[in-house]
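S.K.: pasting the structure only:
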């Protein structure tokens, strides 16, 4: 991948699973792994309680990441929102999710 490209896209495919396309992954020149965290693929027909559990898990992950460093979370969302995304709504969604 050319070093002058700021971001790249990965596509993961496996028989029986829904393809996954991860976009806007940062390019690096330090020779380190771009994204060291393994990705998850979900089987075709994934639904019901397992689907709900996956959504709950992702909402909990986002709420936890925000809690680790709220200012950095806000900064990242503001930076990403400049590219025309509506990510500024995410904190409100997470507030609603984490209310007891």
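M.R.: Looks like it arrived, so ask away. Since the structure is predicted, the reported quantities are computational estimates derived from the model, not experimental observations.
S.K.: Neighbours of residue 23, how many?
M.R.: Summarising burial for residue 23: neighbours were counted as other CB atoms under 10 Å, giving 9. Placement of C-beta: from N, CA and C, glycine included.
S.K.: Oh, that last question was meant for residue 43, not what I typed.
M.R.: When neighbours are counted by other CB under 10 Å, residue 43 registers 11.
S.K.: same thing with the one 3 residues further on?
M.R.: By the measure other CB under 10 Å, the count of residues near residue 46 is 12.
S.K.: Enumerate every residue touching it.
M.R.: By CB atoms under 8 Å, 6 or more residues apart in numbering, the contact set of residue 46 is 18, 54.
S.K.: mind redoing it with 10 Å?
M.R.: Under the criterion of CB atoms under 10 Å, 6 or more residues apart in numbering, the contact list for residue 46 reads 17-18, 54.
S.K.: give me every residue that touches residue 49.
M.R.: Counting by CB under 10 Å, 6+ apart, residue 49 has no contacts.
S.K.: element containing it, please.
M.R.: helix 48-68 (DSSP states H and E).
S.K.: What residues of that helix count as buried?
M.R.: 62-63, 66 (16 or more other CB atoms under 10 Å).
S.K.: With pLDDT added, can I get those in JSON lines?
M.R.: JSON lines is the format used below for the buried residues of helix 48-68 (pLDDT from 0 to 100):
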{"residue": "62", "pLDDT": "94"}
{"residue": "63", "pLDDT": "95"}
{"residue": "66", "pLDDT": "95"}
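S.K.: how about those residues in JSON lines, adding distance to residue 48?
M.R.: What follows is these, written out as JSON lines (distance: CB to CB, whole Å):
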{"residue": "62", "distance to residue 48": "22"}
{"residue": "63", "distance to residue 48": "23"}
{"residue": "66", "distance to residue 48": "28"}
